[in-house]
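In: quick one, fold the following:
(4 chains)
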There are 2 protein chains.
Amino acid sequence: MPPAMEKALQLKTAELEKISHIDYFNIAISVDCVIFGYDEKELKVLLIKSDLEEFSGLYSLLGDLIRPDEDLETASYRILKERTGMDDMYLEQVHAFGGLDRHPSGRVITIAYYSLIDIKHQKLQLSHNELSWHPVHEIKKLAFDHKLILETCLGRLQQQVLDYPVIFNLLPEKFSLRELQELYQAILGVELDRRNFRKKIVIKDWLLDIKEIENDVPHRPGKLYKLKPELKKKNGKKKFSATVR
Amino acid sequence: MPPAMEKALQLKTAELEKISHIDYFNIAISVDCVIFGYDEKELKVLLIKSDLEEFSGLYSLLGDLIRPDEDLETASYRILKERTGMDDMYLEQVHAFGGLDRHPSGRVITIAYYSLIDIKHQKLQLSHNELSWHPVHEIKKLAFDHKLILETCLGRLQQQVLDYPVIFNLLPEKFSLRELQELYQAILGVELDRRNFRKKIVIKDWLLDIKEIENDVPHRPGKLYKLKPELKKKNGKKKFSATVR
DNA sequence: TACACAATATGTACTTACAACACATTAGAA
DNA sequence: TTCTAATGTGTTGTAAGTACATATTGTGTA
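Out: Sure thing, here's the model as predicted:
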């Protein structure tokens, strides 16, 4: 008896006997990463040309099957590393998608993560494979159910930037308040009042004034800030509003 | 060639050839449900005695392997239906857990859902199987990684009750403000000021005054309320605060 | 029947967050 | 020098959050 079946037998299942046990392993599991970046005042996502005939001409998210010897986070980091050359980036699980017909070649359940990287800081080797950055708001159609996955991850990102200091993973180390506000606007899809925005961001107490100013802008330069170092943990979230709303 | 392998071959995987293809299906997928209920002023969770030798004496969440012909929500509803006899209950996906050693019998990735039911309304047949309700805050240890799953789902529930009208799935159709407040306190683990609570809940505009009063309390009876019918969708969330925080 | 009790119901004052809006300041370019 | 397009800092009115007080109403009991 193959080990897989042996394992299946030990698993508690109410009506296990009705179904061939090996069937339970006839489902593959993958991880898909929505890799967000920010450039030219637009939120972008890293996509790859789909190599499936069914989706020819369409782009898809970066993903891969999970290997038997790696856990979910390991698989996600592996994908990021393989595709971008970067590691230690911000990564967050969002949702599992398990529709019966989401993959044309068979049953694949996927677990979606979103990731945030500073496009300008890390130069990824985009040319030698078919990776490219696409403005999130211009994406009409993707392979598989990846449009839905993208929207779900964008929704989660929009929630998180309001409460947690995650947005800074999309920016260079030093940034001006204008850049930060433009990034918020790109993510949330709204216009924000500059004066109110500054007050709100100051209240959050996330920023460190590094006593430097911009030097490459064609107008009065603004002050530069950093994220406070103690908030820099790539993962590990903590709610920074003290009260129960 | 078995269909499973055939499918594996069609799936894009960077280093697929290094690993025996069938290995990819050597991972089972399950769903685990954290079923919350509210009774005797305590938040409770429905547990079952573990039937695994490794966890003898411990309780575990209700879960089962996903069948090849059902999607994730279908599997979750099936488990709820099989175990409680109820259907159409509130259900929400929370997180996927995929640690390598989380199941002693083999590699099992599980997708956790939480569910909310009104204990008093539906009388589930608890006696003929080993199901029982346990106060959430008294649970010390569970089988597998189910303690972690429980805590994760509780955390999600705590977030959600502040912004979405989900809490009412734990209460009978008609309820008093006192009952509602006690439930919030049980979920959030804090004491709330009665007068401020009433103002806050009125602002949310979730409640319908049904012009009835309690009739079984040993003191002055309070007014009874219902959740506004248009908010009753079991799933499908909508943010009810209009502003960008 | 009257009274104590244990809740409900409602209100006030203070403080803090939010939204709309105005004006002075500063570097660069013409 | 002046114009321009940003930065930096207010002000005001409104809404929401917090702490705290008092009157009201059914129930149970002496």
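
In: going by C-alpha atoms from here, please, whenever you check contacts or count neighbours.
Out: OK.

In: how about the strand or helix carrying A:Glu73 and chain B, touching?
Out: Using DSSP states H and E, A:Glu73 sits within helix A:72-84. Yes: residues of helix A:72-84 contacting chain B under CA under 8 Å from any CA of the partner chain: A:Leu72.

In: residues in contact with that helix?
Out: Helix A:72-84 has contacts (CA atoms under 8 Å, 6 or more residues apart in numbering or on different chains) with A:31-33, A:62-64, A:66-67, A:86-88, A:113, A:124-126, B:97-99.

In: can you read off the pLDDT for A:Ala242?
Out: Listed pLDDT for A:Ala242 reads 35.

In: after the longest helix belonging to chain A, which helix or strand is next?
Out: Ranked by residue count, the top helix of chain A under DSSP state H comes out as helix A:146-163. Helices and strands here follow DSSP H and E; after helix A:146-163, the next one along the chain is strand A:175-176.

In: what helices or strands is that next one leaning on?
Out: Applying 3 or more CA pairs under 8 Å, 6 or more residues apart in numbering or on different chains; DSSP states H and E, we find strand A:175-176 packed against strand A:223-227.

In: do that again at 10 Å, thanks
Out: Counting by 3 or more CA pairs under 10 Å, 6 or more residues apart in numbering or on different chains; DSSP states H and E, the packing neighbours recorded for strand A:175-176 are strand A:207-213, strand A:223-227.

In: buried ones in the next helix or strand after that strand?
Out: Once strand A:175-176 ends, the next helix or strand along the chain (criterion: DSSP H and E) is helix A:177-188. Across helix A:177-188, burial judged by 16 or more other CA atoms under 10 Å in any protein chain shown covers A:Leu177, A:Leu180, A:Gln181, A:Glu182, A:Leu183, A:Tyr184, A:Gln185, A:Ala186, A:Ile187, A:Leu188.

In: mind listing what's buried along stretch A:109-125?
Out: A:Ile109, A:Thr110, A:Ile111, A:Ala112, A:Tyr113, A:Tyr114, A:Ser115, A:Leu116, A:Ile117, A:Asp118, A:Ile119.

In: what sits against the spatially closest residue to A:Tyr114 that is not a sequence neighbour?
Out: Excluding the flanking residues, the one nearest A:Tyr114 by CA to CA, 6 or more residues apart in numbering or on different chains is A:Val34, at 4.5 Å. Contacts for A:Val34 (CA atoms under 10 Å, 6 or more residues apart in numbering or on different chains) come out as A:44-47, A:60-63, A:80, A:91-92, A:94, A:112-116, A:146, A:149-154.

In: and the residues you listed, which of them are buried?
Out: Listed as buried from the contacts of A:Val34 are A:44-47, A:60-63, A:80, A:91-92, A:94, A:112-116, A:146, A:149-150, A:152-154; burial here means 16+ other CA under 10 Å.

In: which of the buried residues of helix A:177-188 sits closest to A:Leu52?
Out: Nearest to A:Leu52 among these is A:Ile187, at 30.5 Å by CA to CA.

In: Produce a PyMOL select command limited to the buried residues of the contacts of helix A:72-84.
Out: Of these, the buried ones go into a single PyMOL selection, burial set by 16+ other CA under 10 Å:
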select buried, (chain A and resi 31+32+33+62+63+64+66+67+86+113) or (chain B and resi 97+98+99)
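
In: does chain B sit close to the longest helix of chain A?
Out: Yes: applying CA under 10 Å from any CA of the partner chain, one finds helix A:146-163 touching chain B at A:Gln158, A:Gln159, A:Leu162, A:Asp163.

In: looking at the residues you listed, spot the one nearest chain B.
Out: Using CA to the nearest CA, A:Leu162 comes nearest to chain B of the residues of helix A:146-163 next to chain B, at 6.7 Å.

In: touching, that closest one and A:Phe197? I think so.
Out: No: the criterion here is CA atoms under 10 Å, and A:Leu162 misses it with A:Phe197 at 11.8 Å.

In: identify the contacts common to the two.
Out: A:Tyr184.

In: quick one, grab the pLDDT at the residue positioned nearest the centre of chain A.
Out: Most central in chain A under CA atoms, centre = their mean is A:Tyr114, positioned 1.7 Å from the mean C-alpha point. pLDDT recorded at A:Tyr114 is 98.

In: kindly export the helix or strand hosting it (C-alpha atoms) in CSV.
Out: Element membership for A:Tyr114, per DSSP H and E: strand A:108-116. Backbone C-alpha positions of strand A:108-116 (Å, rounded to 0.1, in the frame of the first residue of the first chain) are rendered in CSV as follows:
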residue,chain,number,x,y,z
VAL,A,108,-5.6,23.0,-7.9
ILE,A,109,-6.3,24.9,-4.7
THR,A,110,-4.2,28.0,-4.4
ILE,A,111,-3.3,30.1,-1.4
ALA,A,112,-2.8,33.7,-2.3
TYR,A,113,-0.2,36.0,-0.7
TYR,A,114,0.5,39.6,-1.3
SER,A,115,4.0,41.1,-1.2
LEU,A,116,5.3,44.6,-1.2
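
In: so what secondary structure elements neighbour it?
Out: Against strand A:108-116 (3+ CA pairs under 10 Å, 6+ apart) you get strand A:28-39, strand A:42-49, strand A:62-65, helix A:72-84, strand A:90-97, helix A:146-163, strand B:90-97.

In: toward the C-terminus, what is the element adjacent to that strand?
Out: Under the assignment DSSP H and E, the closest C-terminal helix or strand after strand A:108-116 is strand A:131-135.

In: just checking: what are the partner strands of that next one?
Out: When pairs are called by DSSP bridges, strand A:131-135 turns out to pair with strand A:42-49 (antiparallel).

In: pLDDT below threshold where in chain A?
Out: Low-confidence segments of chain A, defined by pLDDT under 70: A:1-25, A:123-128, A:234-245.

In: which residues of it lie near DNA strand D?
Out: When proximity is defined by CA under 7 Å from any atom of the strand, chain A lies next to DNA strand D at A:176-178, A:194-196, A:198, A:219-223, A:243-245.

In: which parts of chain A belong to which domain?
Out: Domains of chain A are assigned by automatic domain parsing as A:28-162, A:169-231.

In: for the first one, the distance to its chain's centre please.
Out: Spelled out, it's domain A:28-162. 7 Å (CA atoms, centre = their mean, to the nearest Å).

In: can you tell me if that domain touches DNA strand C.
Out: No: Domain A:28-162 is not in contact with DNA strand C by CA under 7 Å from any atom of the strand; minimum separation 9.5 Å.

In: near chain B at all, stretch A:188-201?
Out: Yes: Stretch A:188-201 is in contact with chain B by CA under 10 Å from any CA, via A:Leu188, A:Val190, A:Leu192, A:Lys200.

In: contacts for that stretch next, please.
Out: Contacts for stretch A:188-201 (CA under 10 Å, 6+ apart): A:43, A:137, A:154-155, A:157-159, A:161-162, A:177-178, A:180-185, A:202-203, A:207, B:244-245.

In: now that stretch, how far from the centre of its chain.
Out: Distance of stretch A:188-201 from the chain centroid (CA atoms, centre = their mean) equals 23 Å.

In: test my guess that A:Asn48 contacts A:His146.
Out: Quick fix: residue A:48 reads Ile, not Asn. No: with contact defined as CA under 10 Å, A:Ile48 does not reach A:His146; the gap is 11.6 Å.
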